[in-house]
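S.K.: this one's structure only:
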């Protein structure tokens with residue numbers, strides 16, 4: 001059987017990859033429990049692609065309760081080597097307004113209490129992985145090149161702040177993130193990226209800006225209607241980008 005060329009993990013507002021043909025469904029158990037939901041495997045641009053909705057297909061799992069280890073372990077079990085993570089985020093700095101797509105190159109982890117490693121269980125191999133560049137440079141370059149060829153505008157670079165959630169941040173917290181050098185803020189970037197590195201998977205993030213983070217556009221209230229509308233608009237070019245990435 002043709003190997004899986006790419007796995008896509010969908011975030012808030014992206015619960016399916018509707019462009020997949022000949023879709024089959026795989027339900028897996030892992031040594032770390034069950035993943036967020038079924039993995040849909042289909043064909044796009046002549047390649048096999050796996051899709052997993054990070055929050056579950058009905059958005060039933062909050063960020064701090066996602067079984068990140070099971071998600072990554074399940075994809076690796078299927079033979080996945082490359083993961084494109086779609087993360088819905090808030091924009092902090094100038095280039096990161098609503099409806100922007102970006103491919104960050106750095107992150108800062110502000111989460112707590114999440115199991116962040118495959119080294120948790122007694123007797124597990126202790127892994128001290130290099131994480132200086134948290135997103136695989138070669139996959140980032142491929143994503144950016146595919147975006148250019150597909151005519152999809154993507155911001156190159158930026159620092160992702162991973163916060164605990166599920167609540168949004170305060171104005172003061174976002175001001176702190178800005179002082180720390182963060183350009184965007186989301187709730188699911190870690191420990192997913194670190195686990196992918198431990199598992200030996202190539203991993204890149206496409207950040208979908210759904211709104212300005214708190215205090216970055218005055219005191220306007222952030223609503224889920226606004227978030228989902230902006231995610232839909234920003235995601236319009238994703239099928240063409242992913243198809244182009246698969247053609248390489």
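M.R.: Cool, the structure landed. Note that this is a predicted model, so its numbers are computed, not measured.

S.K.: now do the SS call for the spatially most central residue of the chain.
M.R.: Closest to where the C-alpha atoms of the chain average out (Cα atoms, centre = their mean) is residue 85, at 3.0 Å. Secondary structure, DSSP: H, G, I helix; E, B strand; the rest coil: residue 85 is strand.

S.K.: could you pull out the helices for this structure?
M.R.: 68-77, 137-150, 171-179, 192-198, 224-234, 238-247 (DSSP state H).

S.K.: next, format those as CSV and append distance to residue 94, mean neighbour count and mean pLDDT.
M.R.: For glycine as for every other residue, the C-beta is placed from the backbone atoms N, C-alpha and C. Shown next, in CSV, are the helices of the chain (distance: least, Cβ to Cβ, whole Å; neighbours: other Cβ atoms under 10 Å; pLDDT from 0 to 100):
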stretch, distance to residue 94, mean neighbour count, mean pLDDT
helix 68-77, 31, 23, 98
helix 137-150, 20, 17, 97
helix 171-179, 11, 16, 97
helix 192-198, 24, 24, 98
helix 224-234, 17, 16, 86
helix 238-247, 23, 20, 94
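
S.K.: mind checking those helices for the one nearest to residue 104?
M.R.: helix 137-150 (8.8 Å; Cβ to Cβ).

S.K.: and that closest one with helix 238-247, angle?
M.R.: On the basis of axes from the mean of the first three to the mean of the last three Cα atoms, to 10 degrees, helix 137-150 is oriented at 120 degrees to helix 238-247.

S.K.: now do helix 137-150: distance to the chain's middle.
M.R.: Centroid displacement of helix 137-150 relative to its chain, using Cα atoms, centre = their mean, to the nearest Å, is 16 Å.

S.K.: just checking, what packs against the lowest-mean-pLDDT helix or strand in the chain?
M.R.: Ranked by mean pLDDT, DSSP states H and E, the weakest helix or strand in the chain is strand 216-219, scoring a mean of 79. Judged by 3 or more Cβ pairs under 8 Å, 6 or more residues apart in numbering; DSSP states H and E, strand 216-219 is in contact with no other helix or strand.

S.K.: cutoff 10 Å now
M.R.: Helices and strands touching strand 216-219, by 3 or more Cβ pairs under 10 Å, 6 or more residues apart in numbering; DSSP states H and E, are strand 82-91, helix 171-179.

S.K.: tell me the pLDDT of the residue lying farthest from the centre of the chain.
M.R.: Distance from the C-alpha centroid of the chain, by Cα atoms, centre = their mean, peaks at residue 123 (29.8 Å). For residue 123, the pLDDT comes out at 84.
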